[in-house]
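[1] Just the structure for this:
(2 chains)
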Amino acid sequence: AQTVTQSQPEMSVQEAETVTLSCTYDTSESDYYLFWYKQPPSRQMILVIRQEAYKQQNATENRFSVNFQKAAKSFSLKISDSQLGDAAMYFCAYRSAQGGSEKLVFGKGTKLTVNP
Amino acid sequence: NAGVMQNPRHLVRRRGQEARLRCSPMKGHSHVYWYRQLPEEGLKFMVYLQKENIIDESGMPKERFSAEFPKEGPSILRIQQVVRGDSAAYFCASSSTRLAGTDTQYFGPGTRLTVL
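    Numbers count the residues shown, from 1 in each chain, chains lettered A, B, ... in the order given. Below you'll find the model as predicted:
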């Protein structure tokens, strides 16, 4: 079974600075998807960024980018120019690309605090 | 375009009562997923449904829990004879197809179940 590990329960960053959240995963599959979701205090789960394993290019969405290292099974999230609204729980998630395996496997999350 | 809708947002039940949680997927989405989030934990997959079919219920407890997604109407997660350990946030997600790039799961705001 696949597992996702987020080794940083909490992180903090100064407003306007850059922070990197770590995520590693374990799988024997070669094709899969990886996601970062944000959960603010409202508890709504919001998709931040998505990466297909077959793509070598790292995904980028505005101030959010990933460092995808397939061989190392690492998928870190970099937040540039941090804003107060970025404060939230961040969850890394894995999904198999095999048919019938639609479920997302989540890590336990990293709580990000943004200091003004 | 309305997002995934869940109701109620908060539900309080006494031990032994039944809890019914509803989920209306995004317009055009025919795949529904239910996840449970215990305090201080990531989300755990429970069940994946398409219209009138349960595709994967590998994360569903064997007793007291059931789910359906009828041809008409919302998906329902039903918990019979609730116990205190069922207290959690229950999230529903939906997606459109299984084609790469179009099957991202979008989450509803969740239902927070409290069992007294």
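[2] just the CA coordinates of stretch B:17-32, formatted as CSV?
    Taking C-alpha atoms only, stretch B:17-32 is exported to CSV below (Å, rounded to 0.1, in the frame of the first residue of the first chain):
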residue,chain,number,x,y,z
GLN,B,17,-28.7,7.6,16.9
GLU,B,18,-28.3,7.6,13.1
ALA,B,19,-26.4,10.3,11.1
ARG,B,20,-27.0,11.1,7.5
LEU,B,21,-24.6,13.2,5.6
ARG,B,22,-25.4,14.6,2.2
CYS,B,23,-23.1,15.5,-0.7
SER,B,24,-24.1,17.1,-4.0
PRO,B,25,-21.2,16.9,-6.5
MET,B,26,-20.1,19.7,-8.8
LYS,B,27,-22.2,20.1,-11.9
GLY,B,28,-21.1,17.6,-14.5
HIS,B,29,-19.3,15.4,-12.0
SER,B,30,-20.4,11.8,-11.7
HIS,B,31,-17.7,10.5,-9.3
VAL,B,32,-18.0,11.0,-5.6
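[3] Need the contact partners of it.
    Stretch B:17-32 has contacts (Cβ atoms under 8 Å, 6 or more residues apart in numbering or on different chains) with A:102, B:1-8, B:11, B:13, B:34, B:48-51, B:69, B:74-82, B:86, B:90, B:92-98, B:103, B:106, B:108, B:111, B:113. Where C-beta positions appear, they are placed from N, C-alpha and C, glycine not excepted.
[4] Please compute how far that stretch lies from its chain's middle.
    How far stretch B:17-32 lies from its chain's middle: 6 Å, per Cα atoms, centre = their mean, to the nearest Å.
[5] how about that stretch: buried residues?
    Buried positions in stretch B:17-32, judged by neighbour count with 16 or more other Cβ atoms under 10 Å in any protein chain shown: B:A19, B:L21, B:R22, B:C23, B:S24, B:P25, B:M26, B:H29, B:H31, B:V32.
[6] Next, format the residues you listed as a markdown table and append pLDDT and secondary structure.
    What follows is these, written out as a markdown table (pLDDT from 0 to 100; DSSP: H, G, I helix; E, B strand; the rest coil):
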| residue | pLDDT | secondary structure |
| --- | --- | --- |
| B:A19 | 98 | strand |
| B:L21 | 98 | strand |
| B:R22 | 98 | strand |
| B:C23 | 97 | strand |
| B:S24 | 96 | strand |
| B:P25 | 94 | coil |
| B:M26 | 91 | coil |
| B:H29 | 88 | coil |
| B:H31 | 91 | strand |
| B:V32 | 94 | strand |
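[7] just those now: which is nearest chain A?
    B:H31 (7.0 Å; Cβ to the nearest Cβ).
[8] Does B:V115 touch B:Q81 like I think?
    No - counting by Cβ atoms under 8 Å, B:V115 does not reach B:Q81; the two are 10.3 Å apart.
[9] Need the overlap of contacts for the two.
    Contact with both B:V115 and B:Q81 is made by residues B:R15, according to Cβ under 8 Å, 6+ apart.
[10] So these two - more neighbours on which side?
    Per other Cβ atoms under 10 Å in any protein chain shown, whichever of B:V115 and B:Q81 has more neighbours is B:V115, with 19 against 13.
[11] Would you check how far apart the more buried one and A:S7 are?
    The gap separating B:V115 from A:S7 is 32 Å, by Cβ to Cβ, to the nearest Å.
[12] go on, B:I54?
    Between B:I54 and A:S7 the distance is 35 Å, computed by Cβ to Cβ.
[13] and chain A, which residues reach chain B?
    A:4, A:35, A:37, A:42-47, A:50, A:52, A:91, A:97, A:99-109 (Cβ under 8 Å from any Cβ of the partner chain).
[14] All set, thanks.
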